[in-house]
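Participant: Make a model of this:
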Amino acid sequence: MNFREISGLIFIVGLGLLLFALLKILFVEQLVTGGIGANILATAPEEVGTANIVTSVLLAYRGLDTLGELTILFVAATAAGLVLGQRSSDAKHDPDAGFILHSAADVLFPFLILLGAYIILHGHLTPGGGFQGGAILAAAFFIPILASPASPLNHRVSSAIEGFAGAAFILIGLFGLFGKGDFLAPLFGTGEVGNLFSAGSLPLLYLAVGLKVGAELAGLLAHLHETEAND
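Facilitator: Just a heads-up that it's a prediction; the model follows:
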């Protein structure tokens with residue numbers, strides 16, 4: 001074997017030993033057979049107040065990871081916007097999609113807004129939440145652009161919503177940190193599990209996530225559409 005193959009073999013063996021040591025320290029068998037997962041299932045409804053346990057993980061127990069995901073999405077959308085650039089004033093629009101598609105887009109718009117809002121506001125009760133609802137909100141604003149390119153998304157409004165939502169998420173987390181000692185700790189009490197007004201501040205966090213994701217995705221899709229129109 002040459003030097004490259006030997007060094008690769010040493011790296012693989014070392015990585016295997018490191019993983020074995022970590023697994024031994026973490027007592028994987030105990031965790032898998034009834035550790036963290038079982039504890040969350042047992043304590044989340046009372047401690048956090050969510051009927052949907054996934055929400056308690058995303059916004060409470062693993063809230064910092066969710067904040068990291070929002071940061072990655074923000075950086076990706078910003079980078080894509082910088083690469084695609086702004087639409088020039090003399091850009092040529094594609095022809096209008098026609099009366100039928102234009103009318104269908106106008107009819108779908110309010111229903112998609114309602115559906116996105118429902119998914120976001122009920123994320124602590126049923127499967128769904130800010131990321132899924134935000135994607136639906138983005139589609140609601142993007143479909144009219146496809147049907148009638150002469151009506152682009154207002155980037156200033158979407159940027160303002162995105163910034164406000166991101167700041168609100170962090171502020172709620174800081175209030176939990178200073179008020180209860182943990183970042184993103186639920187505020188306002190847990191309420192009764194299964195009710196719309198329950199889980200404390202977690203629905204507000206999902207609302208912030210949904211608005212931020214919706215604004216970023218809608219802006220990114222609009223940029224992509226504008227770039228194609230300029231080509």
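
Participant: And for residue 43, the neighbour number?
Facilitator: Neighbour count of residue 43, defined by other C-beta atoms under 10 Å: 12. (Glycine included, C-beta is placed from N, CA and C.)

Participant: Local confidence estimate at it?
Facilitator: Looking at residue 43, its pLDDT reads 78.

Participant: mind checking which helix or strand it is in?
Facilitator: Residue 43 is part of helix 36-47 when elements are defined by DSSP states H and E.

Participant: Quick one: mean pLDDT over the next helix or strand along the chain from that helix.
Facilitator: Beyond helix 36-47 in the direction of the C-terminus, DSSP H and E gives the next helix or strand as helix 53-56. Mean pLDDT, helix 53-56: 85.

Participant: and the helix ranked longest in the chain, what other elements does it pack with?
Facilitator: When the chain is parsed with DSSP state H, its longest helix is helix 202-230. Counting contacts by 3 or more C-beta pairs under 8 Å, 6 or more residues apart in numbering; DSSP states H and E, helix 202-230 packs against helix 53-56, helix 63-84, helix 99-121, helix 130-147, helix 155-180.

Participant: Quick one: mean pLDDT for the second one?
Facilitator: Right, the one you point to is helix 63-84. So the average pLDDT for helix 63-84 ends up being 80.

Participant: Pull out the buried residues from that helix.
Facilitator: 63, 66-67, 70, 73-74, 77, 80-81, 84 (16 or more other C-beta atoms under 10 Å).

Participant: Closest to the centroid, which residue in the protein?
Facilitator: residue 131 (3.6 Å; C-alpha atoms, centre = their mean).

Participant: Which residue comes closest to that residue once chain neighbours are left out?
Facilitator: residue 213 (5.6 Å; C-beta to C-beta, 6 or more residues apart in numbering).

Participant: wait, the one you found sits on residue 129?
Facilitator: No: with contact defined as C-beta atoms under 8 Å, residue 213 does not reach residue 129; the gap is 9.9 Å.

Participant: in the longest helix of the chain, what's buried?
Facilitator: Within helix 202-230, the residues that count as buried by 16+ other C-beta under 10 Å are 202-223, 225-226, 229.

Participant: Same check on stretch 112-119?
Facilitator: Buried-residue list, stretch 112-119, by 16+ other C-beta under 10 Å: 112, 115-117, 119.
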